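Asks: here is a sequence together with a model predicted from it:
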Amino acid sequence: MTTAPLTDQRRLLDLQALDTQIAKIGHQRRSLPVLATLAELEGRAEDLHRAQVEAKTLVSDTRREVAKAEADVEQVRSRARRHQQLLDSGTGTSKDLQALQTELGQLAARQEVLEEIELEAMERLESAEQTVADLQTQQDAIVADVESGTAERDRAFAELDERLAQLRAERDALAGQIDAELLDLYEDVRSRTGGLGAVALHGTRTEPVSLDLSLTELDAVRSAAPDDVVVSEDYGYILVQMDRDA
């Protein structure tokens, strides 16, 4: 059995209190509400980026459609102008002039169809460009929210890290006053129990957690020498006796 002065054993309780505070602040640091907010914003930003890529691709494709429609319309218009010039000049046979007149009518009908196609493509382009603009507005808002959230997170981190540094300095100073073998046992217990290494035993009552110690274990504690370091067989914690004189 490990032995250590009862005063050192009781220092473990102060060390445990510091370790508990350090763990709580560490948990608080990992679970700041703003971290969840930033994670949500990151997800929204990724979704928005994909939407922007799709919207910009649609704009690019639609611009090509508009350019083609404009070219088709202009081609028909140019041909109609040439035919009209020939018709106005009166050059050619009556049959030729009549054929030009007929083709001009066909070109006019074709131009009307192509202009409808051009107009529809231009409307779709306008809609697609508006979508890109709306997505950009959303992105700007997310960027602003991320900047605000990051600043809030950094302020909280700075405050918590300052407190952690103070607690760790206190812990280091206190750990330096504790018997090395006892300290090693304490650290080993904490590693096995998830953070709790020592509990105070006041008669049959324990702190900071309430343990239902068996009569056999309580008898073993009472029969132990003051310098004996008692480790609970049922729970694995170091039981620090508080009802004995150090």
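Replies: Alright, I've got the coordinates.

Asks: mind listing what's buried in the lowest-mean-pLDDT helix or strand in the chain?
Replies: In the chain, no helix or strand scores lower on mean pLDDT, DSSP states H and E than helix 215-223, which sits at a mean of 88. By 16 or more other C-beta atoms under 10 Å, the buried positions in helix 215-223 come out as Glu217, Ala220, Val221. Every residue, glycine included, has its C-beta placed from N, CA and C.

Asks: dump these to JSON lines, plus distance to Val53.
Replies: Putting the buried residues of helix 215-223 into JSON lines (distance: C-beta to C-beta, whole Å) gives the following:
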{"residue": "Glu217", "distance to Val53": "66"}
{"residue": "Ala220", "distance to Val53": "70"}
{"residue": "Val221", "distance to Val53": "69"}
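
Asks: ok, those residues vs Ala180, which is closest?
Replies: Closest to Ala180 out of those is Val221 (23.7 Å), distances taken as C-beta to C-beta.

Asks: can you tell me the closest non-neighbouring residue to that closest one?
Replies: Nearest residue to Val221, sequence neighbours excluded (C-beta to C-beta, 6 or more residues apart in numbering): Val230, at 5.2 Å.

Asks: burial measure for that neighbour, as a count.
Replies: Using other C-beta atoms under 10 Å, Val230 has 21 neighbouring residues.

Asks: now do the same contact list for it.
Replies: Met1, Ala220, Val221, Ala224, Ile238, Leu239, Gln241 (C-beta atoms under 8 Å, 6 or more residues apart in numbering).

Asks: now Glu233: closest residue in space that isn't a chain neighbour?
Replies: Of all residues not flanking Glu233 in the chain, Glu217 sits nearest, at 6.3 Å (C-beta to C-beta, 6+ apart).

Asks: right, I mislabeled it, should have said Ile117
Replies: Excluding the flanking residues, the one nearest Ile117 by C-beta to C-beta, 6+ apart is Ala69, at 5.1 Å.

Asks: next up, the contacts around the one you found.
Replies: Contacts of Ala69 by C-beta under 8 Å, 6+ apart are Leu114, Ile117, Glu118, Ala121, Met122.

Asks: in what helix or strand does the residue most central in space within the chain lie?
Replies: Compute the mean C-alpha point of the chain, and by C-alpha atoms, centre = their mean the closest residue is Ala39, 1.8 Å away. Taking DSSP states H and E as the definition, Ala39 sits inside helix 33-89.
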